[in-house]
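K.L.:
Predicted coordinates and the sequence they were generated for:
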Amino acid sequence: LTFNNKKRPSRFLHAPYPSFTMSVENLYPVFLKEGQKEIDVASVGMIVRALGYCPTNLEIQNACSSAGISGTASLAQVQKVVAALKGTKADDIEGTMARALKFFDHDGGDMVTVSELSHVLGNLGEKMEQGQIDEIFRQAEVDGFGQINIEEFAKVMRREAGEDSNAFA
């Protein structure tokens, strides 16, 4: 290889890329806009989720309020939000969801009924619209008895949540 008509030193060919550790301190500057000293409140949730946490939007809003964030957030405030949401870290989203769904598995066959899941998805936590629920059921395999395999359903829900790749986990 040549660079400016000179042979490029071999140390440049094999120089390792600097490692990037996912942390609030490393992610915060990524969300800073030019000329600003604080990030906007919408970016706080992105940082939290990039760190592998899985809070609901309401949990993020409550943590932001507790940290005194209104329009923009300082690094210290974002650190407080992340600390408050540590309990939402889910290294195994699919496994966590499958374990939660087993609550509705009355006979231990790793299957739950569509009607039970439809009720749960439409009424608990961040409520889903019927159209969203129908789309999830179209993606999951429903057997002839109106039941869905818990493991398969957890995979579909992970994909719907945008967690198909574990790039940030």
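P.N.:
It's in. Numbering: from 1, shown residues only.
K.L.:
Quick one: residues contacting the residue nearest to Tyr53 when sequence neighbours are not counted.
P.N.:
Computed as C-beta to C-beta, 6 or more residues apart in numbering, the closest residue to Tyr53 that is not its neighbour in sequence is Thr88, at 4.7 Å. C-beta coordinates here come from the backbone N, C-alpha and C atoms, glycine included. For Thr88, the residues meeting the contact criterion (C-beta atoms under 8 Å, 6 or more residues apart in numbering) are Tyr53, Cys54, Pro55, Glu59.
K.L.:
Next, count neighbours for the last one.
P.N.:
A total of 20 residues lie near Glu59 under the criterion other C-beta atoms under 10 Å.
K.L.:
what does the third one give?
P.N.:
Summarising burial for Pro55: neighbours were counted as other C-beta under 10 Å, giving 21.
K.L.:
Using a markdown table, please lay out the contacts of Thr88 together with distance to Val24.
P.N.:
What follows is these, written out as a markdown table (distance: C-beta to C-beta, whole Å):
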| residue | distance to Val24 |
| --- | --- |
| Tyr53 | 11 |
| Cys54 | 16 |
| Pro55 | 15 |
| Glu59 | 17 |
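K.L.:
out of the residues you listed, which are inside helices?
P.N.:
Counted as lying in helices by DSSP state H, out of these, are Glu59.
K.L.:
okay, who's weakest in the contacts of Thr88 by pLDDT?
P.N.:
Across the contacts of Thr88, the member with the lowest pLDDT is Cys54, scoring 83.
K.L.:
Can you tell me how far it is from Met97?
P.N.:
As for Cys54, its distance to Met97 is 10 Å (criterion: C-beta to C-beta, to the nearest Å).
K.L.:
Any stretches of the protein with poor pLDDT?
P.N.:
Applying pLDDT under 70 to the predicted model, the residue ranges of the chain that meet it are 1-21, 90-94, 124-126, 160-169.
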